[in-house]
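**Q** Compute the structure for the input listed below.
(chains A and B)
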Amino acid sequence: MVKSRRDFIKISALSSAGLFVGNQVVKATSSVAGSEKQDSDYKLPSELKRTPTYCEVCFWKCAGWVHKDEDGQIKKITGNNLDLNSNGRFCPRGTGGVGMYYDEDRLKYPLIRTEERGKQTFRRASWDEAFKYIADKMAKIKEEHGAEATALFTHGSGGKHFTKLMKGFGSANVAAPSYAQCRGPREVAFIATYGQGINSPENTDIRDTRCMVLIGSHIGENMHNGHVQEMSDAIDKNATIITVDPRFSTAASKSKYWLPIKPATDIALLLAWIHVIINEELYDKKYIEQHAYGFDQLKAHVQSMTPEWAYGITTIKPDVIRETVREMAKAAPATIVHPGRHVTWYGDDTQRLRAVAILNALLGSWGRRGGFYMPDKVSVPHAKLPPFPKPEFTWRDAMDGKYQLADLALANGMCDATIPTSGMNRSIKGWIVNGTNLIETLPDRKKTLAAIQNLDLMVVVDTMPMEITGWADVVLPECTYLERYDSIRDSQHREPTIALRMPAAKPKYESRSAWWMAKNLSRYMGLEQYFPFDTLEEELDHELKQMGTSLAEMQQVGVKKWKRAYDDIYFKDGEAVEFFTNTGKIELYSTAFAEAGFDPMPTYTAHPEPPQGYYRLIYGRAPMHTFTRTANNPNLTDLMSENSVWVNPKVAREWDLKNGQEVYLQNQDNVVSSFPIKVRVTERIRWDSVYMVHGFGHANKKLSRAYGRGASDAEMITNVMVDPIMGGTGMRGNFVTFRFTKGEEA
Amino acid sequence: MRYAMAVDSKKCVGCSDCVVACQTENNVPIGYARDWVREINHGIYPELHTELRSERCNHCDNAPCVRSCPTGASHYAEGGIVKVAEEKCIGCSACIISCPYDARYIHPKGYVDKCTFCDHRVKDGEDPACVAVCPTKCLYFGDLDDPNSEMSTLLRVRKYKTLIPEAGTDPQLYILV
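**A** Coordinates of the predicted model:
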């Protein structure tokens, strides 16, 4: 066996190590740089009965109120009525966010990896020591490989602060897995078509839609709060919902049409819809004539793509294909072919989303009521900082010129750039990982671990001991969103709004906010100039005052709305619109793709199918959990404590599987799940696929409620179909079979 | 005054927000619940029907729990809300056995606990926590004695059912279908 640079360390090893260094810790803490600021890091306004926050349990970032009981203990969290993301109603995860604060398994102290008697272990460290350790290692990497050889992986609010630190240090390697492992293809496709991405929250005008098409998007199970609410409004108003999904999802159960498509064939269905809408002349002629480029090319392109052609591929009957697209056209332009959010499926995802964007254009729904509105946002004036050093090298240099159309950094690209290969001059040597459990987030775990073995430094900043934590050299305990200030939320919506997050309680244990960590690290790294404020409170007040409000006002209201700069939420009839594409038009034919050597219009390609006895692994969300982040939350675990594998009764009969029976999964590469998963026998899934909710099967024993509960879909995702256009990691080309014992790997 | 609740099964997505909002509002210990979500599936692929609905105490007009309570702890409060007086409850479980909806549990502190329609909120003019939080707005609460209330209107214009009507309890939780 090859000796690894680093072993996975169970945080549980530490409790004893912590005792050894107890005295040292107390002493060291008192000398933390800026420790005089620790207590006055912020004031807790005791006179406030409720304090404003915006949620961090998922990316929707709903604004709400934290309420405390008579003893000053955090009791409950509710929505802020002024907030457009939540309309005053939090989702189960937001309501259960209190569990993040009370979770006794939280990371409590800074930890440093050491070797004791030949065994790697963590020891408890002071903040002072941890910062010094990181600063020294970063300086060494800079000296030997350049500051460019460091990278930040981030998901969530803390990332902004560490981003400033990294850029000041001289690295532009900053990526969120929410791009190349999630919504990236969608953004590239819509930018190519409309010159504008979808962003978050999506600008779908669901509230006023007459017809919504969901393709593999399971609103209601994905708890994108505002969208779930608006879908409910649409149901109230008898809007037609058409759901395309191999699984009878919750959304499918609310739909007039459920199209149980054969997985991996969505592009064929979309092209057939485009064929019908063009050939039956159901498209919005005036809109297309005025706004679109490339209609004739598109028309010629889809002539052979009849519903009969698509039937053989998708298993959806030609009359159903025609009937559904006629429904869309009848409701147009108040029709939404929803672009979805997690869209990295088969590696041709940008092209699939191009087909979605094109179909919406033909329906005339972009910029129209009930289709897609034009969002607006406030721009928060940040303090002017000295210029960042210009990096000479980024992860892109390791990509061989590929994925030029990616408009944001690829987390998988940075991972690749960490593994030295013959063609590469330099590889990345240091990672900071904040709020993302890369082991479960990135596909192809073997590769992620290989990259980690090549690092000189890995810092993990998190609230919980996740799988990634065990691979770190330094672990920094982040306090939860309920215990900290953060940057102003300025996300887009129908009206521009801002929201404030402020602490409802002091950080538990020795946990601290990402801002505090970045600020203090900047002192150790000689980068103080990028953090001109002593506290985040001062920085926020400075920004808010320039916007005509103040920290004091925001503490009272939580959310503030601005008027839109222009009355342009929808296009006006006949109005000239300039789109930020090469032609200034909506590009049905993408000139940018043609220039870059990609298909200017989407085509269907067949993808591999499961071998005999294997089933395509489809994964998704449950409304009470976010990623792998909430599986140990006491309140949310109480609602759902493990996932199950959905199996069609025909398949169950073949394998003699009973409801509730535990099985192991094995994929096409002979990877067997670490833990068994319970079978759910249900008619609600096709016989060629199985389904499971993402985020379970945790392998870190320190997660006392989540350890070994259910199985991890990510562990089964070893085949990655990379999108040649933007580098997204297609994850639905994996096939699993059942095993009754774990046994040895075959 | 006759308080009642309705659940629109056309809108409920089964997210269980009602459950966790109730727990944090009413200090229901983790592991226990005053309300819950049920999923009922019918049909054979691909002709399927799924009903999701949030359930809780039906605050019956003819409540077996009240009749079976030996100490008078279970009682009708204002507006027909069925409540348990903690100090009178001896934890004998007679009510739990008599309830056809399995809506009650024994609190770790020893008394029987259940949904109160959040009467502490209702008296301040607020909706119960589950109704106030529901992202799909599939839960409705109101006074059936008021013919102009949203509840009364809903039951006039929408098709609905009650749960286990054959038990003869005259339940006041209405499932809109």
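**Q** Pull the number of nearby residues for residue A:530.
**A** By other Cβ atoms under 10 Å in any protein chain shown, 18 other residues sit near residue A:530. No exception for glycine: its C-beta is placed from N, CA and C like everyone else's.
**Q** separation between the closest residue to residue A:698 other than its chain neighbours and residue A:692?
**A** Residue nearest to residue A:698 in three dimensions, not counting chain neighbours: residue A:706, with 4.1 Å by Cβ to Cβ, 6 or more residues apart in numbering or on different chains. Between residue A:706 and residue A:692 the computed distance is 15 Å (Cβ to Cβ, to the nearest Å).
**Q** One more: residue A:68?
**A** 38 Å.
**Q** for residue A:108, same thing?
**A** 32 Å.
**Q** Comparing those two, which residue is more hemmed in?
**A** Higher neighbour count among residue A:108 and residue A:692: residue A:692, with 26 against 18, using other Cβ under 10 Å.
**Q** okay but that one is in contact with residue A:714, surely?
**A** No - counting by Cβ atoms under 8 Å, residue A:692 stays clear of residue A:714, with 10.5 Å between them.
**Q** ok, longest helix in the chain?
**A** No chain specified, so I'll use chain A. Longest helix in chain A by number of residues, with DSSP state H as the criterion: helix A:127-145.
**Q** wrong one, I was asking about chain B
**A** Among all segments of chain B classified by DSSP H, the helix with the greatest residue count is helix B:17-26.
**Q** what about that one and chain A, touching?
**A** Yes - counting by Cβ under 8 Å from any Cβ of the partner chain, chain A has neighbours in helix B:17-26: B:17, B:19-21, B:23-25.
**Q** got a markdown table for those residues, with neighbour count, distance to residue A:666 and pLDDT too?
**A** Output for these, formatted as a markdown table (neighbours: other Cβ atoms under 10 Å in any protein chain shown; distance: Cβ to Cβ, whole Å; pLDDT from 0 to 100):
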| residue | neighbour count | distance to residue A:666 | pLDDT |
| --- | --- | --- | --- |
| B:17 | 32 | 36 | 98 |
| B:19 | 24 | 35 | 98 |
| B:20 | 34 | 35 | 98 |
| B:21 | 28 | 40 | 98 |
| B:23 | 25 | 38 | 97 |
| B:24 | 22 | 41 | 97 |
| B:25 | 22 | 45 | 97 |
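**Q** and the gap between residue A:185 and residue A:244?
**A** 17 Å.
**Q** what do you get for residue A:561?
**A** On the measure of Cβ to Cβ, residue A:561 and residue A:244 end up 36 Å apart.
**Q** Let's test this: mean pLDDT of the strand or helix carrying residue A:101, rounded?
**A** Assigned by DSSP states H and E, residue A:101 falls within helix A:98-102. What helix A:98-102 shows for mean pLDDT is 97.
**Q** Buried residues in the longest helix of chain A, which are they?
**A** By neighbour count on 16 or more other Cβ atoms under 10 Å in any protein chain shown, the buried set for helix A:127-145 is A:127-135, A:137-138, A:141-142, A:145.
**Q** would you turn the residues of helix B:17-26 next to chain A into CSV with distance to residue B:89?
**A** Below are the residues of helix B:17-26 next to chain A laid out as CSV (distance: Cβ to Cβ, whole Å):
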residue, distance to residue B:89
B:17, 29
B:19, 23
B:20, 25
B:21, 25
B:23, 20
B:24, 23
B:25, 21
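**Q** Figure out the helix or strand that the residue in the stretch 551-700 of chain A positioned nearest to chain B lives in.
**A** Nearest residue of the stretch 551-700 of chain A to chain B (Cβ to the nearest Cβ) works out as residue A:623 at 3.6 Å. For residue A:623, there is no enclosing helix or strand under DSSP H and E.
**Q** wait, what's in contact with it?
**A** Each residue near residue A:623 by Cβ atoms under 8 Å, 6 or more residues apart in numbering or on different chains is listed here: A:91-93, A:220-223, A:228, B:13-17.
**Q** just residue A:326 next, same as before
**A** Counted by Cβ under 8 Å, 6+ apart, residue A:326 has contacts A:276, A:280, A:282.
**Q** and it, what pLDDT?
**A** On the pLDDT scale, residue A:326 gets 98.
**Q** Could you do residue A:29 as well?
**A** 38.
**Q** what does the one 3 residues further on give?
**A** According to the model's per-residue confidence, residue A:32 sits at a pLDDT of 45.
**Q** for residue A:591, same thing?
**A** For residue A:591, pLDDT reads 98.
**Q** ok, now which ones touch the closest residue to it other than its chain neighbours?
**A** Residue nearest to residue A:591 in three dimensions, not counting chain neighbours: residue A:582, with 4.4 Å by Cβ to Cβ, 6+ apart. The contact partners of residue A:582, by Cβ under 8 Å, 6+ apart, come to A:591-592, A:595.
**Q** which among the residues you listed end up buried?
**A** Counted by 16+ other Cβ under 10 Å, the contacts of residue A:582 give A:591-592 as buried.
**Q** can I get the contacts of residue A:582 in TSV with secondary structure and distance to residue A:295?
**A** Supplementary listing: the contacts of residue A:582 in TSV, determined by DSSP: H, G, I helix; E, B strand; the rest coil; distance: Cβ to Cβ, whole Å:
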residue	secondary structure	distance to residue A:295
A:591	helix	14
A:592	helix	17
A:595	helix	20
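**Q** Good, wrapping up.
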